[in-house]
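[1] Can you look at this prediction? I've put the sequence above it.
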Amino acid sequence: MLKKCIWAAAVVAVLAGCTSLPAMTAADDVSAVSAAAEKLRVAMVDPTSGALSALVADDLSYGHSGGRVDTKTSFISDLVEGKSDFVSIAITDQTVKIAGNVAIVRHSLAADTLDSGKPGKVSLKVLGIWQKTGATWRLIARQAVRPPQ
């Protein structure tokens with residue numbers, strides 16, 4: 001009888017542990033996506049091909065508020081070559097929602113730019129879709145819009 005009670009208690013403990021794993025994983029994923037998004041913000045201000053390449057998916061679709069759409073290659077080259085030059089980027093009001101191996105990230109972006117040598121200011125609402133492959137989160141899609149005036 002004692003062996004059956006110990007066995008039943010062990011099964012209950014294992015099952016209880018299994019039910020708490022998704023909540024822990026979701027919180028860990030939110031933290032990991034937030035960290036990746038912050039690394040992307042930093043890499044966009046001080047771009048290197050290596051840092052950017054590690055953060056974006058090969059199939060990246062990066063939509064600008066003006067309608068232009070970049071691929072991974074054009075996104076990285078525009079930043080590295082200074083065609084798209086962020087002097088500073090401030091992110092506010094960020095939310096992260098995990099849906100399986102996808103994260104939906106929304107935030108407001110305010111930036112000082114120096115695109116092709118011309119100073120400017122940008123204020124955008126951004127939707128980013130991050131995809132988890134293995135343990136790594138990478139930006140696979142982004143769309144920016146100008147906020148209503």
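    Received it, and whenever you're ready, just let me know what you need.
[2] Secondary structure element for the residue positioned nearest the centre of the chain, which one?
    Of all residues in the chain, the one closest to the mean position by C-alpha atoms, centre = their mean is residue 37, 4.1 Å from it. Residue 37 belongs to helix 2-45 when elements are defined using DSSP states H and E.
[3] Quick check: mean pLDDT of that helix?
    For helix 2-45, the mean pLDDT works out to 69.
[4] ok so, going back, determine the number of other residues adjacent to the closest residue to the residue nearest to the centre of the chain other than its chain neighbours.
    The shortest distance from residue 37 to any non-neighbouring residue, by C-beta to C-beta, 6 or more residues apart in numbering, is to residue 105 (5.7 Å). Just so you know, the C-beta spots here come from the backbone N, C-alpha and C atoms, and that holds for glycine as well. Residue 105: 23 surrounding residues under other C-beta atoms under 10 Å.
[5] counting contacts, what elements does the longest strand belonging to the chain pack onto?
    Across the chain, the longest stretch assigned as strand under DSSP state E is strand 118-133. If contacts are counted by 3 or more C-beta pairs under 8 Å, 6 or more residues apart in numbering; DSSP states H and E, strand 118-133 sits against helix 2-45, strand 102-115, strand 136-145.
[6] returning to what we had before: quick one: the residue nearest to residue 37 and residue 128 touch, right?
    Yes. With contact defined as C-beta atoms under 8 Å, residue 105 reaches residue 128; the gap is 4.2 Å.
[7] Touching both of the two, which residues are there?
    residue 37 (C-beta atoms under 8 Å, 6 or more residues apart in numbering).
[8] circling back to that earlier point, which parts of the longest strand of the chain are buried?
    Across strand 118-133, burial judged by 16 or more other C-beta atoms under 10 Å covers 124-126, 128-132.
[9] check contacts around the closest residue to residue 80 other than its chain neighbours.
    Counting by C-beta to C-beta, 6+ apart, residue 47 is the residue found nearest to residue 80 once chain neighbours are left out, at 5.1 Å. By C-beta under 8 Å, 6+ apart, the residues touching residue 47 are 76, 79-80.
[10] Help me confirm that residue 47 is found in a strand?
    No. Counting by DSSP: H, G, I helix; E, B strand; the rest coil, residue 47 is not found in a strand; it is coil.
[11] sec struct for residue 83, please.
    coil.
[12] hang on, it packs against residue 118?
    No. The pair residue 83 and residue 118 fails to qualify as a contact (C-beta under 8 Å) at a distance of 10.7 Å.
[13] Much appreciated, bye for now.
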